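Chemist: I'll drop the sequence and a predicted model, then ask my questions.
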Amino acid sequence: MAKRIRNKNFINLIVVGLMLVGFLIISISFLTWVPHEESEIVYKLNFLSLTIGILYILFAIVLRKLTH
């Protein structure tokens, strides 16, 4: 019983960490956003990092739903 509670707390800690990393990636993407006309490479990198941030958050949500 105690081991199961510890495992659940550990998974919750991982979920919170993934969400924090996702939100940090998204916020950095928004802070460094450059219009498409100015630099196409930077625009693509920002879009890629925005997508990765969203995937981190979605993975955390799915992991949370699977463990509860």
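Modeler: Great, that's in hand. Quick caveat, the model's predicted, so the values are computed rather than measured.
Chemist: M19: neighbouring residues, count only.
Modeler: Neighbourhood size, M19 [other CB atoms under 10 Å]: 17. (C-beta placed from N, C-alpha, C; glycine too.)
Chemist: is it true that it touches L55?
Modeler: No. If you go by CB atoms under 8 Å, M19 and L55 don't touch, sitting 11.9 Å apart.
Chemist: list the buried ones in the helix or strand hosting I41?
Modeler: Assigned by DSSP states H and E, I41 belongs to helix 40-67. Judged by neighbour count (16 or more other CB atoms under 10 Å), helix 40-67 contains these buried residues: N46, S49, L50, G53, Y56, I57, A60, L63, R64.
Chemist: again, but for stretch 21-35
Modeler: Of the residues in stretch 21-35, those buried (16+ other CB under 10 Å) are G22, I25, I26, S29.
Chemist: now the helix of greatest length in the chain and helix 40-67, what's the angle there?
Modeler: Assignment by DSSP state H gives helix 2-31 as the longest helix of the chain. Angle, helix 2-31 to helix 40-67, by axes from the mean of the first three to the mean of the last three CA atoms, to 10 degrees: 160 degrees.
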